[in-house]
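**Q** compute the structure for the input listed below.
(2 chains)
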There are 2 protein chains.
Amino acid sequence: MNVPADPTNPLRELSRHEDDLLERIGKIVSERTIVRGERHVGDDAAVLRPLVGEAIVSTDVAVWGVHLDAELFSLRDLGFKAVAAAVSDLAAMGARARALVLAVVAPAGTDLEELHYGAADAAQLTGCPIVGGDLSRGAQVSVAVTVLGECPGGGAVLRSGARPGDEILVTGPLGSSAAGLRRRRAGATLNDELVLAHRRPWPRLREGMAARDAGASAMMDLSDGLGLDLHRLADASGVGFELDDVPVASGATRDEATSGGEDYELIVTTSNAARLRLLFHDRGLRAPLTIGRVVERVERRLLRNEPFERRGFEHEL
Amino acid sequence: MNVPADPTNPLRELSRHEDDLLERIGKIVSERTIVRGERHVGDDAAVLRPLVGEAIVSTDVAVWGVHLDAELFSLRDLGFKAVAAAVSDLAAMGARARALVLAVVAPAGTDLEELHYGAADAAQLTGCPIVGGDLSRGAQVSVAVTVLGECPGGGAVLRSGARPGDEILVTGPLGSSAAGLRRRRAGATLNDELVLAHRRPWPRLREGMAARDAGASAMMDLSDGLGLDLHRLADASGVGFELDDVPVASGATRDEATSGGEDYELIVTTSNAARLRLLFHDRGLRAPLTIGRVVERVERRLLRNEPFERRGFEHEL
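**A** Predicted coordinates:
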């Protein structure tokens, strides 16, 4: 969108270089992720080869200073995290990543190339090419990432399919991201292992696809913390749960593991955990960890027979 | 994305009602555009029935106070315009609209329901259901809209296909949107016909599909004005052009028609204008207007034998 002709509008004269900057950014985002037979950046829209099976789409916005501390991290981290968080929503459905687009708002003088380098890093690592974008002036930096995926043969895994008796598993121990933020605030370097977990989260795409192939009944990604997201899954499925344990990542606290969020591990429920384990093993994935089971009574939400409080990050809206 | 557990973080306590608000907004955006056999708002991602042919994707961000005057228009207009501008990018490829997602950033206290009513109005009118979204706190209201479309049989119309000898047409006279903004600033009511052209732009989806079916060689939508967008099309195609005329909408000035932007009429080039006219006629669409022809020499850019200046809205980045 734009502002119509108006000689008094200061936006008109501030820059004549939009097309040049777009070209530079186009190179950053596309040079590492060219897909044959597709048309990406540079037209009104991107043109992708046909998607196979169900089309999966999700959008996620990251605001500089809200979702990532602008004093402790870089714009490159913001670009990376925004893309990783969005791609994680594809993982949560068991989808294969196909493409993503970025809509960036930023004040004049923002290092937009740095931001796009971070996004391109995550796009390359997750195999999800950046095929388009938009840029606008605004008071604060934000990055809206929309991802597009596919489920060949259908069967995207929803939150709503958990059934009494299903086992509940997570794809790894929790709390690294929150622990990394705590450590960074206390002066840890950017390359500290836990700080990296916060700066460079990793979407579990392969785990999600394996869980779908193994017939998982429900799945979601842990973006807001187990203490909130497991309740959401249980609400959507109309069930309760009994947890035996919450696996805590090395260096994290129990509270960080429960309500830290941004770990992007997946919660999976299944009536056939043996099959899930076998498929993970066959594909060289880390063994999923059983944390409890689904029960029929929707109000029953327990961790070791104590109420499991609904607690995690809630956004201010 | 979110902020990890941190008891000192003020975001944690400001609202416990995210899920409730999301549910209300989910109703606003989905109640008028249910699609059978699809899973929309309420999971990690939307699940759509398979797309047919090439998948088309584009993103567009609108910032309150930048893309739309916050004194003269409403948040409902912002939601409408953001969606219309994005859907217009599907029209520009000749695609059929399938779905869209919204990523909204807003300060506390923003009437998010009003904004989403506007987006839902445009989604309903263009037949492009809102299937998902994200919300975040931020200093300024912005709406990033990502649209998903399909081209059955392939053949999305790019900017780069114009060939010497092709006729250049537009789908209607230009300048209404800029004229509407001028009139609104001068005190015209919100229901003034030209003001409506600014507040409620209409994406030319049917015209775009007809142009693709008629074998158009190149196409784009006029979002930044003919004075900029036609140069971009010529650059992408490696050609020049000779214009006979710029059709001016009733009530608009010549300058508004040339560089106003936001009319969202389509520019189409074709080697068979008779076929294009016939198809438009058969489908009950307004007859496209010939404005000139494509020439081989890339530096030749003329309107009635005078240089056609590169001029329109350029964003500040």
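**Q** next, count neighbours for A:Thr171.
**A** Per other C-beta atoms under 10 Å in any protein chain shown, the neighbour tally for A:Thr171 reads 27. From N, CA and C alone the C-beta is placed, and that goes for glycine too.
**Q** mind listing what the residue positioned nearest the centre of chain A touches?
**A** Closest to where the C-alpha atoms of chain A average out (C-alpha atoms, centre = their mean) is A:Ala85, at 2.0 Å. By C-beta atoms under 8 Å, 6 or more residues apart in numbering or on different chains, the residues touching A:Ala85 are A:60, A:62, A:145, A:201, A:203, A:223, A:262, A:264, B:1.
**Q** can you rerun that using 10 Å?
**A** A:58, A:60-62, A:67, A:122, A:143, A:145, A:147, A:201, A:203, A:221, A:223, A:262, A:264, B:1-2, B:134 (C-beta atoms under 10 Å, 6 or more residues apart in numbering or on different chains).
**Q** same check, this time on A:Leu68
**A** A:62, A:74-75, A:77-82, A:141, A:143, A:181, A:198-199, A:262, B:1, B:3.
**Q** cool, A:Ala139 as well?
**A** Contacts of A:Ala139 (C-beta under 10 Å, 6+ apart): A:105-107, B:63-66, B:107, B:138-142.
**Q** and what about A:Gly208, helix, strand or coil?
**A** helix (DSSP: H, G, I helix; E, B strand; the rest coil).
**Q** which pLDDT value belongs to the spatially closest residue to it that is not a sequence neighbour?
**A** Among residues not flanking A:Gly208 along the chain, A:Ala91 sits closest, at 3.7 Å (C-beta to C-beta, 6 or more residues apart in numbering or on different chains). Per-residue confidence (pLDDT) for A:Ala91: 98.
**Q** can you list the domain ranges for chain A.
**A** Following the assignment in automatic domain parsing, chain A carries domains at A:22-151, A:159-307.
**Q** would you single out the least confident of those?
**A** Among the domains of chain A, domain A:22-151 scores lowest, with a mean of 93.
**Q** and that domain, end to end?
**A** Distance between the two ends of domain A:22-151: 32 Å, counting by C-alpha to C-alpha, to the nearest Å.
**Q** point me to the residue of the stretch 151-300 of chain A nearest chain B.
**A** Nearest residue of the stretch 151-300 of chain A to chain B: A:Ala178, at 3.6 Å (C-beta to the nearest C-beta).
**Q** what is the burial count for that residue?
**A** A:Ala178 - counted by other C-beta under 10 Å - has 30 other residues nearby.
**Q** likewise A:Ile291?
**A** Neighbour number of A:Ile291 under other C-beta under 10 Å is 21.
**Q** is it in a helix, a strand, or coil?
**A** Applying three-state DSSP: A:Ile291 is strand.
**Q** just give me the neighbour total for the closest residue in space to the residue of the stretch 151-300 of chain A closest to chain B that isn't next to it in sequence.
**A** In this structure, A:Ala178 finds its nearest non-sequential neighbour in A:Gly260, 2.8 Å apart by C-beta to C-beta, 6+ apart. When neighbours are counted by other C-beta under 10 Å, A:Gly260 registers 33.
**Q** now A:Asp245
**A** 11.
**Q** wait, isn't it in contact with A:Thr290?
**A** Yes: A:Asp245 is in contact with A:Thr290 according to C-beta atoms under 10 Å; the separation is 8.7 Å.
**Q** so where do the strands sit in chain A?
**A** A:46-48, A:54-63, A:96-106, A:130-137, A:142-151, A:167-170, A:218-221, A:240-243, A:266-270, A:289-295, A:301-303, A:306-307 (DSSP state E).
**Q** what is the second one packed up against?
**A** Okay, so that is strand A:54-63. helix A:75-91, strand A:96-106, strand A:142-151, strand B:46-48, strand B:54-63, strand B:96-106, strand B:130-137, strand B:142-151 (3 or more C-beta pairs under 10 Å, 6 or more residues apart in numbering or on different chains; DSSP states H and E).
**Q** which one of the ones you listed lies nearest to A:Phe280?
**A** Closest to A:Phe280 of the helices and strands packed on strand A:54-63, according to C-beta to C-beta: helix A:75-91, at 13.8 Å.
**Q** before we move on, the earlier item: now, of the contacts of A:Leu68, which are buried?
**A** A:62, A:74-75, A:77-82, A:141, A:143, A:181, A:198-199, A:262, B:1, B:3 (16 or more other C-beta atoms under 10 Å in any protein chain shown).
**Q** how distant is stretch A:156-171 from the center of its chain?
**A** Offset of stretch A:156-171 from its chain centre (C-alpha atoms, centre = their mean, to the nearest Å): 19 Å.
**Q** now it: buried residues?
**A** Applying 16+ other C-beta under 10 Å to stretch A:156-171 flags A:156-162, A:166-171 as buried.
**Q** and chain B, which of those residues contact it?
**A** A:156-160 (C-beta under 10 Å from any C-beta of the partner chain).
**Q** for A:Thr33, give me its contacts.
**A** A:40, A:99-100, A:120, A:123-124, A:126-131.
**Q** turn the buried ones among the residues you listed into a named ChimeraX selection, would you?
**A** Buried residues within these, by 16+ other C-beta under 10 Å, are selected in ChimeraX with:
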select /A:40,99,100,120,123,124,126,128,129,130,131
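**Q** farthest-apart pair in the contacts of A:Thr33, please.
**A** Maximum distance among these (C-beta to C-beta): 16.3 Å, for A:His40 and A:Thr126.
**Q** my read: the residue of the stretch 151-300 of chain A closest to chain B touches A:Arg254, true?
**A** No: if you go by C-beta under 10 Å, A:Ala178 and A:Arg254 don't touch, sitting 11.1 Å apart.
**Q** quick one: the helices in the stretch 201-317 of chain A?
**A** A:205-213, A:226-237, A:254-259, A:273-282 (DSSP state H, counting those that start in this stretch).
**Q** in the second one, what counts as buried?
**A** Just to be clear, that refers to helix A:226-237. Neighbour-count burial for helix A:226-237 [16+ other C-beta under 10 Å]: A:226-234, A:236-237.
**Q** I figured A:Glu23 hits A:Glu31, correct?
**A** No: counting by C-beta under 10 Å, A:Glu23 stays clear of A:Glu31, with 11.9 Å between them.
**Q** just to revisit the earlier point, now the helices and strands packed on strand A:54-63 in CSV, with distance to A:Val35?
**A** Below are the helices and strands packed on strand A:54-63 laid out as CSV (distance: least, C-beta to C-beta, whole Å):
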stretch, distance to A:Val35
helix A:75-91, 16
strand A:96-106, 8
strand A:142-151, 12
strand B:46-48, 20
strand B:54-63, 12
strand B:96-106, 20
strand B:130-137, 24
strand B:142-151, 17
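**Q** closest to B:Ala249 out of those?
**A** strand B:54-63 (22.4 Å).
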